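Undergrad: Can you look at this prediction? I've put the sequence above it.
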Amino acid sequence: MTPHTPKSKPPAPKQRGAFVDEASDAVDVQRIHMNIVGREKMEPDEGFETTPWWVWSASVVLLFAMGFYLGRYSGSFSAVAHEVEQPQAALGVQTRPEAKGDLLYAGVCQPCHQSSGMGLAGQYPPLAGSEWLLQDKETPIRILLHGLQGEITVKGNVYNNRMPPFQDKLANDEIAAVLTHARSSWGNRAGAISAADVDSLRSDAAGRGPWSAGELEALRKKKPS
């Protein structure tokens, strides 16, 4: 009796859609990937569009309008700053600001005689109530033009210091303005001094050095009453 040989099972049929080997697996994965990529939208390209012509036209018109506006309404950088207020400047005539006595005093006299006009005890004499400032016009003009040195008695107190000359530093109208300010401040009630007053004494004593109290007192006595 022949031994029974078991029959081999027939190969299982291929199932549709199943991955049966590595090659077919790779093909199916690639196909699936391409299907997915095909469904995605392409990213838009930005920054490469041509600028519309109307944008360029509008820019040119805007720049022209701005230039016209600035040229018409921004004023002038001419050296003649205010032709209405200072018409002489347009004619080439040099003008100087009006001398301000209070400003000149603050810059020239205040360091010694103080803002109160009381001076510094034992060093600089007061201008408030000073007989040398108020008794006549000529004496303070002479002192400011040529300076003062040596002893001087002011309001009963003796001072011995040196005041520098200002004939080369201040113009006639500036000397007149600062003296007028001092003669009408801190309770002083003396008359104004003009630039013409200063000019006459400047030319009379041109080239001389500082005054002394004795010289000024002698000139004061010679003055006709």
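TA: Received it, and whenever you're ready, just let me know what you need. Residues are numbered from 1 along each chain as shown.

Undergrad: At which residues are the strands of the chain located?
TA: For the chain, the strands defined by DSSP state E occupy 151-154, 157-160.

Undergrad: Go through the last one and flag the buried ones.
TA: Meaning strand 157-160. By neighbour count, with 16 or more other CB atoms under 10 Å as the criterion, the buried positions of strand 157-160 are residue 159. To be clear about C-beta, it is placed using only N, CA and C from the backbone, and glycine gets the same treatment.

Undergrad: same deal with stretch 115-131?
TA: The neighbour-count criterion (16+ other CB under 10 Å) identifies 117, 119, 124, 125, 126, 127, 128, 130 as the buried residues of stretch 115-131.

Undergrad: Over to stretch 145-152?
TA: Of the residues in stretch 145-152, 145, 146, 147, 148, 149, 152 count as buried by neighbour count, 16+ other CB under 10 Å.

Undergrad: Stretch 216-225 too?
TA: For stretch 216-225, burial by neighbour count (16+ other CB under 10 Å) applies to residue 216.

Undergrad: right, and residue 116 touches residue 182 too?
TA: No - taking contacts as CB atoms under 8 Å, residue 116 lies outside contact range of residue 182: 12.0 Å.

Undergrad: joint contacts of those two?
TA: Between them, residue 116 and residue 182 share no neighbouring residue, with contact defined by CB atoms under 8 Å, 6 or more residues apart in numbering.

Undergrad: could the strands of the chain go into TSV alongside mean pLDDT?
TA: Formatted as TSV, the entries for the strands of the chain read as follows, by pLDDT from 0 to 100:
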stretch	mean pLDDT
strand 151-154	95
strand 157-160	95
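
Undergrad: Let's have those in CSV, adding distance to residue 69.
TA: As requested, the strands of the chain are arranged in CSV below (distance: least, CB to CB, whole Å):
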stretch, distance to residue 69
strand 151-154, 64
strand 157-160, 65
